[in-house]
Every structure is written in structure tokens, then in C-alpha cells.
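Novice: build me a model from this:
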Amino acid sequence: QVELVESGGGLVQAGGSLRLACGYSGNIFSIDGVESPVVMGWYRQAPGRQRDMVAVISSGGSTNYADSVKGRFTVSRDATWTTVYLQMDSLKPEDTAVYYCYALRLASNREYWGQGTQVTVAS
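Specialist: Numbering: from 1, shown residues only. From the prediction side, this is the model:
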């Protein structure tokens, strides 16, 4: 059983920074003896809007960002792939949303989601 847990949300003034972290339990890279590459990262959902991709990183190290956060946010992971981070700089009020950690096992197309953490940027 794989579970994702986010931390690091909160309230910040516009122009400030926050870092989100996502840890997981279980072995997402090997389930029932089946190895799989993985994509992990972050989505966000503002009130009344759909959930959108913010930034993801693959087990090969490639990254992808939403246009709205390019140059301001950085997705990374630790050396052992036990934690994925989202460094958010130059935050804007429109970044206010619930941020969800996300993981995808490519071998099965199985998705995993965290419970979400609130990020609020005050103007």
C-alpha cells in the first residue's frame, strides 16, 4: 500500500517563498515484484477550478512545469527518492490553492494522491 503525505503549506505574503515536501510509505517503485518507473510531483486546485498539474519529475530526472510557475517553482527529490519537494518562490495571490502530491506508476498507470495541503498567498 502506497500513501503520500504532504507537508509545508501555510500562509505567506506575496513575493514570499514556501517549500512543500511529499513523503510516501510503501515501495512505489516495486509492487508485487513488478518494477516500474515513476513520475512524482504536484498538482493544485483552487476553489471552483479543476485540479491542474504544477510540476512533475520522473524517475529519470526530467521535469515538467506549468507555464504559470516556470522560473518561480522548482520540483526536486532527495537522493533516495523518499521525498519530493516543491520550492515555491515569488509567490503570487493566484498561487493560492490546495496542493496535492501526486505519483504515477508507469507500468500500471496507477495514480496515487496525497490528502492535500493549503497554500494561501496574501496580497
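
Novice: which residues touch the residue nearest the centre of the chain?
Specialist: With distances taken as Cα atoms, centre = their mean, Trp42 lies nearest the centre of the chain, 2.3 Å away. Going by Cβ atoms under 8 Å, 6 or more residues apart in numbering, Trp42 touches 20, 22, 53-56, 75, 84, 86, 99-102. Every C-beta, even on glycine, is put in place using the N, C-alpha and C of the backbone.

Novice: run through the bridge partners of it.
Specialist: Ala55, Cys101 (DSSP bridges).

Novice: that one and Ile57: what is the separation?
Specialist: 10 Å (Cβ to Cβ, to the nearest Å).

Novice: list the buried residues for stretch 63-77?
Specialist: 65, 69, 73-75, 77 (16 or more other Cβ atoms under 10 Å).

Novice: need the pLDDT of the residue of the chain most remote from its centre.
Specialist: For the chain, the largest distance from the centre (Cα atoms, centre = their mean) belongs to Gly33, which lies 26.0 Å off. At Gly33, the model reports a pLDDT of 80.

Novice: where exactly do the strands run in the protein?
Specialist: 3-7, 10-13, 18-25, 30-31, 34-35, 38-45, 52-58, 63-65, 73-77, 83-88, 97-105, 110-113, 117-122 (DSSP state E).

Novice: cheers, nothing more for now.
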